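**Student:** no FASTA, just this:
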């Protein structure tokens, strides 16, 4: 069990990462490559990743350089997931290169004491060896993570939107009950399922929540309590095509008029708080770019209106969109909100 202790100052500094963290995704995807537990939700990725690694000639480098640093379970060095990675892959790799040699030796030594770690681990204190490591990480990311960037980003945006709505509806208490792993909020302590028993005292630094596509099971935190506190937690892995309210089969009039995907986009935007582009992608099973194109077509037709907030775009129905959606459903299946809006 991981017990995260909050002060009043920490509660004011809880935030959700603005984008997927590429180095956390790299490390946790290495777990998925060889861990049998949780393999099924990642099966298509697993098969494609193994094929791409062999076709690109990366399999040997990943096996000899990356996998020994990220054991199947337990500890792996914190310097592999630096705070700079929040600003993207380039920044994260620079963070690895800038890590102090003493810290690297300490973390590699801890890995060895925990029963893992390569015999050459201490050489990572040398800059040229770290350069080789970062080149392999970049090649691995480009081969097996970047091709899934749209899917990862869409699911990430949907999660951020959901957490934002939880915060609006239930406050910080509701937000701290949601980060997976059987989390239980007993103010002022967040109890999280964890492989080892430990306490993390935030001491006014706050907590950054990082939803992760490749995290499975329990959330993950940095081992060093002196580093910026983070909690990496798993995104849910449901069906890529979720049932929609009002789905009536392939012959429904709205689908015949707009096409099934655009009809699905229109229904998704009928949510009480609208839908982000990422949520439209998740609901329809389309890529983020495809969902954006469908939303643009509906907006140009006067059925949607889109609002940008930072990196997110929220889509909601116009009165015409409400009327069109309401007309497509039997009266007893039209939500009261839509009936009132349609007049």
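**Tutor:** Structure's in. What do you need? Quick caveat: nothing in here was measured; it's all calculated off a predicted structure.
**Student:** Please count neighbours and contacts with C-alpha atoms only from this point.
**Tutor:** Fine.
**Student:** What residues sit buried inside stretch 298-313?
**Tutor:** Buried positions in stretch 298-313, judged by neighbour count with 16 or more other CA atoms under 10 Å: 298-299, 303-306, 312.
**Student:** Can you flag which of those residues belong to strands?
**Tutor:** Here DSSP state E is the test, and these give 304-306, 312 as lying in strands.
**Student:** tell me which of these is nearest to residue 121?
**Tutor:** residue 312 (41.0 Å; CA to CA).
**Student:** residues touching the closest one, list them.
**Tutor:** Residue 312 is in contact with 157, 276-277, counting by CA atoms under 8 Å, 6 or more residues apart in numbering.
**Student:** Okay, it and residue 118: tell me how far apart.
**Tutor:** 42 Å (CA to CA, to the nearest Å).
**Student:** Looking at the buried residues of stretch 298-313, which is nearest residue 183?
**Tutor:** residue 312 (27.0 Å).
**Student:** how far away is that closest one from residue 277?
**Tutor:** Residue 312 is 8 Å from residue 277, by CA to CA.
**Student:** Tell me the residues that contact both of the two, please.
**Tutor:** With CA under 8 Å, 6+ apart, residue 312 and residue 277 have common neighbours residue 157.
**Student:** just checking, next helix/strand downstream of the top helix by length along the chain?
**Tutor:** Longest helix of the chain, by residue count under DSSP state H: helix 149-175. Moving toward the C-terminus from helix 149-175, the next helix or strand (DSSP states H and E) is strand 184-186.
**Student:** so what secondary structure elements neighbour that following strand?
**Tutor:** Applying 3 or more CA pairs under 8 Å, 6 or more residues apart in numbering; DSSP states H and E, one finds that strand 184-186 contacts strand 189-192.
**Student:** So which bits of the next helix or strand after the strand it packs on are buried?
**Tutor:** Downstream of strand 189-192, the first helix or strand assigned by DSSP H and E is strand 198-201. For strand 198-201, the neighbour count (16+ other CA under 10 Å) marks 200-201 as buried.
**Student:** Run through the helices of the stretch 1-150 of the chain in chain order.
**Tutor:** 8-11, 22-34, 43-55, 59-61, 89-97, 101-113, 127-144, 149-175 (DSSP state H, counting those that start in this stretch).
**Student:** gap between the two ends of stretch 262-277?
**Tutor:** Per CA to CA, stretch 262-277 runs 13 Å from first to last residue.
**Student:** Mind checking the pLDDT average for it?
**Tutor:** The average pLDDT within stretch 262-277 is 81.
**Student:** And stretch 145-163, by the same measure?
**Tutor:** 82.
**Student:** List of residues touching that stretch?
**Tutor:** So stretch 145-163 is contacted by 16, 18-20, 25-26, 175, 211-213, 235, 276-279, 281-282, 287-289, 312 (CA under 8 Å, 6+ apart).
**Student:** pLDDT weak spots in the stretch 51-200 of the chain?
**Tutor:** Counting by pLDDT under 70, the stretch 51-200 of the chain shows low-confidence ranges at 154, 178-182.
**Student:** For burial, what's the neighbour tally of the residue nearest to residue 102 when sequence neighbours are not counted?
**Tutor:** What sits nearest to residue 102 in space, not counting adjacent residues and going by CA to CA, 6 or more residues apart in numbering, is residue 125, at 7.4 Å. By other CA atoms under 10 Å, 19 other residues sit near residue 125.
**Student:** same question, the one 10 residues further on
**Tutor:** Neighbour count for residue 135, taken as other CA under 10 Å: 13.
**Student:** Could you measure from it over to residue 149?
**Tutor:** 19 Å.
**Student:** ditto for residue 316
**Tutor:** 25 Å.
**Student:** which of the two has more neighbours?
**Tutor:** Per other CA under 10 Å, whichever of residue 316 and residue 149 has more neighbours is residue 316, with 25 against 15.
**Student:** Tell me the spacing between the more buried one and residue 127.
**Tutor:** Residue 316 is 51 Å from residue 127, by CA to CA.
**Student:** tell me which of the buried residues of stretch 298-313 is nearest to residue 188?
**Tutor:** Distances from residue 188 to the buried residues of stretch 298-313, taken by CA to CA, are shortest for residue 312, at 31.2 Å.
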